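Enquirer: sequence-free structure coming up:
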């Protein structure tokens with residue numbers, strides 16, 4: 001099966017590396033990826049930005065992606081998971097409301113404690 005990992009940071013590198021270890025996975029596409037992900041076995045970077053929801057959807061459909069794993073918060077908040085699921089594509093990611101709730105909670109903690117919440 002083919003897997004799409006959305007993002008280009010260390011978290012996405014780790015996700016691609018671990019997915020590559022599965023005997024069920026034939027190829028992993030990382031959008032946009034980084035220098036490290038380009039060296040992993042079964043993995044190739046694709047020049048689609050993590051915030052380009054239409055481009056990611058087109059890529060998933062044209063490459064016949066079996067599972068999309070989303071790392072960064074921005075495409076999650078923009079609703080990438082719902083868009084993929086509406087196109088009958090499987091997606092491993094929290095839904096759009098989860099990152100927004102988390103961000104509001106951190107802001108509330110900062111206000112109460114007067115210390116930055118990380």
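Expert: Now that the structure is in, tell me what you want to look at. Given the structure is predicted, the values throughout are model-derived calculations rather than measurements.
Enquirer: Tell me where the protein has strands.
Expert: 2-7, 27-32, 43-45, 67-70, 91-92 (DSSP state E).
Enquirer: Show me what the fourth one is packed against.
Expert: Counting contacts by 3 or more Cβ pairs under 8 Å, 6 or more residues apart in numbering; DSSP states H and E, strand 67-70 packs against strand 2-7, helix 80-86, strand 91-92. C-betas here are computed from N, CA, C, even on glycine.
Enquirer: Name the nearest residue to the residue most central in space within the chain, ignoring sequence neighbours.
Expert: Among the residues of the chain, the one closest to the centroid is residue 70, at 1.6 Å (Cα atoms, centre = their mean). The shortest distance from residue 70 to any non-neighbouring residue, by Cβ to Cβ, 6 or more residues apart in numbering, is to residue 93 (3.8 Å).
Enquirer: need the contact list for that neighbour.
Expert: Counting by Cβ atoms under 8 Å, 6 or more residues apart in numbering, residue 93 touches 68-70, 76, 80-81.
Enquirer: rewinding a little: next, work out how far apart the residue nearest to the centre of the chain and residue 50 are.
Expert: Noted for residue 70: a distance of 8 Å to residue 50, by Cβ to Cβ, to the nearest Å.
Enquirer: and for those two, which residues touch both?
Expert: The contact lists of residue 70 and residue 50 share 6-7, where a contact means Cβ under 8 Å, 6+ apart.
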